[in-house]
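Undergrad: quick one, fold the following:
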Amino acid sequence: MHETLREQQSVLARHLRDPARHPSPPGLEARRMRVYRELFLGSIESLLAGGFPVIRQTLGAADWSALVQAFYARHRSRTPLFTRIAGEFVEFIETQADDPALPPWLPELAHYEWVEQALLISDVQAPAHDPDGDLLDGRPLLSPLAMPLAYRWPVLEIGPSHIPQEPPSQATTLLVHRDRDHQVRFARIAPLAYRLLTSLQINAYRGREHLAALAAQTGGDAEQLHIHGLGLLQQLREQNVVLGTHLATESCDER
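TA: Take a look at the predicted model:
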């Protein structure tokens, strides 16, 4: 009996997702099935429209609706939580990156629009750290609520009146973070600042080691980069992007 009920539910779910490919369960009125599907699809589309307004406006009503219907029909979400649906939508769009019917900038714009919600709902906790630690001799700790991002496409400019055909020669580099007041802040940053932030994100080096590595990579003046880099680290700590330094007792295995 349980297996029969489960199969009936599966048939119903497949039909509601994609009625063109999966017939309605026997004995159920087509009109009612259409109403159910419109309710389900409408709730998903309304939710996504609020999270991806630029994509919705730029694609136009017909293409936006087709994209949402494709997501509803084909994507298998890993979570039932409505607060996580936007992330699932981004993942779906990334899997469609090779679809010639979709604009090539769509995956990056979707990610850019999703970042704010992702940080707003994040409950990640920062590890124990020294907020007053030495940023040169200690190992600076990047906030887990800070994201250095680089996009090939000009995500800040894309919209109904500006639809790029080719990516520009220089990437768009951004810092997005949630501040002490629970507000998500976006800032455009220089490529060098982006490289420092990504180094902080993946390497548990001492501050002076981060700066020395950047000087070696860029061929810049090591002394000048040291001075400007320290100033940037101090500014980032004031903004709560850098939380301080890792505790001295923490393992340095990742180095």
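
Undergrad: so residue 97: helix, strand or coil?
TA: Under DSSP: H, G, I helix; E, B strand; the rest coil, the three-state class of residue 97 is coil.

Undergrad: in contact with the closest residue to it other than its chain neighbours, which residues are there?
TA: With sequence-adjacent residues excluded and distances taken as CB to CB, 6 or more residues apart in numbering, residue 97 is closest to residue 107, at 5.1 Å. To be clear about C-beta, it is placed using only N, CA and C from the backbone, and glycine gets the same treatment. Applying CB atoms under 8 Å, 6 or more residues apart in numbering to residue 107 gives the contacts 90, 93-94, 96-97.

Undergrad: same list, those residues, but as CSV with pLDDT, distance to residue 172 and neighbour count please.
TA: Converted to CSV, these look like this (pLDDT from 0 to 100; distance: CB to CB, whole Å; neighbours: other CB atoms under 10 Å):
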residue, pLDDT, distance to residue 172, neighbour count
90, 98, 17, 20
93, 98, 18, 24
94, 97, 18, 13
96, 94, 22, 16
97, 92, 18, 11
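
Undergrad: kindly indicate which of those lies nearest residue 135.
TA: Distance to residue 135, by CB to CB, is smallest for residue 90 among the contacts of residue 107, at 33.6 Å.

Undergrad: chain center to stretch 38-48: distance?
TA: How far stretch 38-48 lies from its chain's middle: 22 Å, per CA atoms, centre = their mean, to the nearest Å.

Undergrad: quick check: phi and psi at residue 146.
TA: Dihedral pair for residue 146: phi -120, psi 130, per degrees, to the nearest 10.

Undergrad: for it, list the residues it contacts.
TA: Counting by CB under 8 Å, 6+ apart, residue 146 makes contact with 175-178, 197, 241.

Undergrad: and for residue 232?
TA: Taking CB under 8 Å, 6+ apart, we find residue 232 in contact with 193, 196.

Undergrad: what comes up buried for stretch 209-229?
TA: 209-212, 214-215, 225-226, 228-229 (16 or more other CB atoms under 10 Å).

Undergrad: wait, I meant stretch 109-125
TA: So, applying 16+ other CB under 10 Å, buried residues of stretch 109-125: 109-119.

Undergrad: pLDDT on it, on average?
TA: Stretch 109-125 shows an average pLDDT of 97 in the prediction.
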